[in-house]
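>>> make a model of this:
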Amino acid sequence: MQMGKIPISVVTGFLGAGKTTLIRHLLTNADGRRIALIINEFGDLGVDGDILKACGDETCTEDDIVELNNGCLCCTVADDFVPTLELLLNRPDKPDHIIIETSGLALPKPLLKAFQWPEVRSRTTVDGVITVIDGPAVASGMFASDPEEIARLRLEDPSLDHDDPLEELYEDQLACADLVVLNKIDLLDAADQERVREQIGKETRGSVEIVMTQQGEIKPSFLLGLAAAAEDDLDARPSHHDALDGDHEHDDFDSFVLRLDPVTDVEAFVGRVTAALNLEGVLRIKGFGDVDGKPARLIVQGVGPRLTHYYDRPWAEGENRATQLVVIGLNGIDHGEIEAVLRPVT
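Presented below is the predicted three-dimensional model:
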């Protein structure tokens, strides 16, 4: 690494692509490398950070994990990110590598610009931007459009605005990538895998590799040591928001936390979460469940039509057992309707 600078990997990707799963796999296969994490979530419930803290790997203890859930990193670089980074860099036991997991709604480029600041640039380098892609979501067309069709419609009616904030995020995250992890390929057949690879290739720079994974399982040597020095070639990473000089709004999105009673029937609980995911405008639901009679905590993570749930660890002695979900969706989602679906009728 450049003159002893600490390498930093930025892991980006849309909601539910598998960023946290990939990082957890990396931590459990770190081969003694001391890794620190900065995790940014959209919403007030730190689900991803708590899942990673349960990893229990000696190379990344709870003290090595810092959560920032009071705003999108790309909008709070000066107030939140830089001071947090400096705290890690000033520790006597400096990490060998720092990983930043951005919110699924974050633009990576404004964050990268912070690494051009003298106080950051002199001590760190961006080893690489790793963009995690949800293969089945892209295959279903959730974050892609037909440019020729849009052009035709605009010619017919120039007043039409067909900008899709989700697609812009997807394209910005790919345009910034040094490595693309095409995840969940076990849910795609060979034809769809090739089709998604071709589509991703059109959105990335020519030198960017695409690796395919299941459950985010990939050797750390593929992710770390890219030596991209991304802070030095920002002009080669175009963004839809370049004209805004990094300033953008998240008014297109909304999130709220819902606290529920203990879970008495896991199957019914999962069914309610699945039903809520299908409501108009809901993008993702994730959180924890306190299941009656179970010593372990239930993790729930859903995006689009897919939902996963599993017990990750026992509740700690004295820990507040609670059922809490964070709902992320497009602006204007009906909080009351969503809560009515998620909260069982008593």
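>>> would you map the helices across the stretch 151-300 of the chain?
165-175, 190-203, 220-223, 266-277 (DSSP state H, counting those that start in this stretch).
>>> show me what the shortest one is packed up against.
Packing contacts for helix 220-223, counted by 3 or more CB pairs under 8 Å, 6 or more residues apart in numbering; DSSP states H and E, involve helix 19-27. Yep, even glycine has a C-beta here, placed from its N, CA and C like the rest.
>>> what strands flank the helix or strand following the helix it packs on, and is each parallel or antiparallel?
Following helix 19-27 in sequence order, the next helix or strand is strand 35-40 (DSSP states H and E). When pairing is defined by DSSP bridges, strand 35-40 lines up against strand 65-68 (parallel), strand 97-101 (parallel).
>>> tell me the mean pLDDT over strand 35-40?
Strand 35-40 carries an average pLDDT of 81.
>>> could you number the chain from 738 rather than 1 from now on?
Noted, 738 is the first residue going forward, which turns the last one into strand 772-777.
>>> distance from it to the middle of the chain?
12 Å (CA atoms, centre = their mean, to the nearest Å).
>>> can you check stretch 1029-1044 too?
18 Å.
>>> tell me which residues of it come out buried.
Within stretch 1029-1044, the residues scored as buried using 16 or more other CB atoms under 10 Å are 1031, 1034-1041, 1044.
>>> ok, residues contacting that stretch?
752-753, 784, 788, 871, 873-874, 877, 879, 999-1001, 1003, 1006-1007, 1010-1011, 1014-1015, 1020-1028, 1045-1052, 1058, 1062 (CB atoms under 8 Å, 6 or more residues apart in numbering).
>>> cutoff 7 Å now
752-753, 788, 874, 879, 999-1001, 1003, 1007, 1010-1011, 1014, 1020-1026, 1028, 1045-1052, 1062 (CB atoms under 7 Å, 6 or more residues apart in numbering).
>>> strands - which of these land there?
Using DSSP state E, the subset of the contacts of stretch 1029-1044 located in strands is 1020-1026, 1045-1051, 1062.
>>> could you check the angle the lengthiest strand in the chain makes with helix 756-764?
When the chain is scanned for its longest strand (criterion: DSSP E), the result is strand 861-871. Calculated by axes from the mean of the first three to the mean of the last three CA atoms, to 10 degrees, strand 861-871 forms an angle of 120 degrees with helix 756-764.
>>> put the alpha carbons of strand 861-871 into CSV.
The C-alpha coordinates for strand 861-871 follow below in CSV (Å, rounded to 0.1, in the frame of the first residue of the first chain):
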residue,chain,number,x,y,z
THR,A,861,-5.5,6.4,3.9
THR,A,862,-6.1,5.2,0.4
VAL,A,863,-9.3,3.7,-1.2
ASP,A,864,-8.2,0.2,-2.0
GLY,A,865,-11.3,-0.3,-4.0
VAL,A,866,-15.1,0.2,-4.4
ILE,A,867,-16.9,-3.1,-4.3
THR,A,868,-20.4,-3.0,-5.7
VAL,A,869,-22.7,-5.9,-4.7
ILE,A,870,-25.5,-6.6,-7.1
ASP,A,871,-28.7,-8.6,-6.4
